[in-house]
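Undergrad: coords please:
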Amino acid sequence: MAKAKDLYAILGVSRTASPDEIRKAYRKLARQHHPDLNPGNKQAEERFKDISLAYDVLSSPEKRKLYDEFGAESLQSGFDPERARAYRRWAESGQGFSFRRTSAGPQGMGGFDFGFGEWPPRGGRRRPVEEERDFGDILREMFGGGRAEPAEEGSPRDVEYPIEVGFMEALRGTKTSVTVRRPVPCPTCRGAGRVGRRGCTECGGSGTVEKREKLNVTIPAGVGDGARVRVAGKGGVGPGGVPGDLYFVVKVRPHPVLTREGQDLFIDVPITVSEAVLGATITVPTPQGPVQLKVPAGSQSGRRLRLRGRGAPDPKGGPPGDLYVRLMVQVPRNGSTRGLEDALAAIERAYGENPRAHLEL
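TA: Reported below is the predicted structural model:
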């Protein structure tokens with residue numbers, strides 16, 4: 001298994017970096033590697049995914065705390081920190097599992113003993129299949145893959161599985177292929193968990209086995225972070241039961257310049273001093289394409305203008321949201337004022353009063 005990437009190293013920050021340092025590092029790298037700025041560059045696309053994941057975790061105090069404590073394990077779907085801490089205490093108590101090669105191991109173990117004690121148990125009698133729990137069971141309980149909802153025997157089980165999409169893909173909708181693993185009835189015992197009077201060795205008595213399946217998934221336009229996309233009949237089953245539904249839980253990667261609240265989008269757009277003072281018509285990018293926006297004369301930095309209907313579409317068919325443009329007055333960056341003295345003096349006189357005169361504590 002490939003070594004997990006260090007999220008701090010991905011952003012190029014220290015483990016003691018402040019939230020502001022993490023945010024600045026992300027914005028710099030996201031602009032550099034964003035797929036829209038590197039069309040066809042698979043390496044940049046993968047790098048952007050790593051950058052987005054690192055920022056998603058390290059910008060959240062809760063996720064960052066878990067990552068600092070458990071590392072890459074905390075990123076797994078269904079991770080339970082309390083169960084992981086209990087398992088760690090149990091393993092450190094000296095009662096943990098052994099991992100050794102044996103001359104004869106349990107069927108299906110390939111000569112390795114992952115046991116919690118001896119194999120076979122003292123007394124020479126193997127425990128009934130329904131009483132056994134292997135190392136994989138514990139790992140699945142702790143870290144999971146897809147997460148199956150509990151169900152009664154014979155009843156369908158709904159399964160959740162994470163899927164990650166880009167910000168613009170979520171806005172415009174997309175189709176993708178995903179390979180998932182889901183529980184299906186065991187073909188040997190037909191979901192009964194037993195063959196005759198003996199426990200089924202194929203499924204370990206559970207009645208189900210995992211099946212890998214490639215699915216074509218349609219992500220509707222306008223879905224938000226945490227949305228669930230249903231695929232009917234592709235969930236898990238109880239022993240002898242019918243399949244439940246599979247729900248893809250959407251994780252939307254952040255965008256370097258756009259943010260979202262509900263169906264509304266927000267973007268900061270730089271304007272020049274003269275555009276702010278005199279007014280202008282500027283071009284603003286939107287998910288539907290560039291549009292012309294009129295900047296009123298005398299606009300202050302931070303003024304917010306609305307473009308109706310240019311936000312995220314409603315996946316349920318309702319009206320789309322709006323795009324809010326925040327004007328950010330940008331002064332020249334070259335630092336030179338040669339030849340600008342008279343113009344700057346005229347601008348200074350135009351204020352008429354100290355713009356900070358109202359600031360009192």
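Undergrad: Domain ranges for this structure, per the record?
TA: Listed domain ranges for the chain are 146-254, 258-350 (source: automatic domain parsing).
Undergrad: which residue sits closest to residue 206, ignoring its sequence neighbours?
TA: Excluding the flanking residues, the one nearest residue 206 by C-beta to C-beta, 6 or more residues apart in numbering is residue 193, at 6.3 Å. The C-beta positions use only the backbone N, C-alpha and C, and glycine is treated the same way.
Undergrad: So what pairs up with the most centrally placed residue in the chain in the strands?
TA: Nearest to the geometric centre of the chain sits residue 251, at 4.1 Å (C-alpha atoms, centre = their mean). Beta-bridge partners recorded for residue 251 (DSSP bridges): residue 164.
Undergrad: I figured it was touching residue 164, is that so?
TA: Yes. Using C-beta atoms under 8 Å, residue 251 is in contact with residue 164, at 4.5 Å.
Undergrad: where's the closest residue to residue 70 other than its chain neighbours relative to residue 72, distance?
TA: Counting by C-beta to C-beta, 6+ apart, residue 70 lies nearest to residue 84, which is 6.1 Å off, once chain neighbours are set aside. Distance, residue 84 to residue 72, using C-beta to C-beta, to the nearest Å: 12 Å.
Undergrad: Mind checking which of those two has more residues around it?
TA: Neighbours were counted for residue 84 and for residue 72 using other C-beta atoms under 10 Å; residue 84 has more, 18 against 13.
Undergrad: Tell me the pLDDT of that one.
TA: Listed pLDDT for residue 84 reads 77.
Undergrad: And what about it, helix, strand or coil?
TA: helix (DSSP: H, G, I helix; E, B strand; the rest coil).
Undergrad: for the stretch 201-350 of the chain, what spans make up the helices?
TA: 273-278, 341-350 (DSSP state H, counting those that start in this stretch).
Undergrad: Highest mean neighbour count out of these?
TA: helix 273-278 (a mean of 15; mean count of other C-beta atoms under 10 Å).
Undergrad: just checking, what packs against it?
TA: strand 323-329, helix 341-350 (3 or more C-beta pairs under 8 Å, 6 or more residues apart in numbering; DSSP states H and E).
Undergrad: returning to that earlier point: for the residue nearest to residue 206, grab phi and psi.
TA: As for residue 193, its main-chain torsions (degrees, to the nearest 10) stand at phi 90, psi -10.
Undergrad: That one contacts residue 202, correct?
TA: No. Look at residue 193 against residue 202 with C-beta under 8 Å: they stay out of range, at 10.0 Å.
Undergrad: Perfect, I'm done here.
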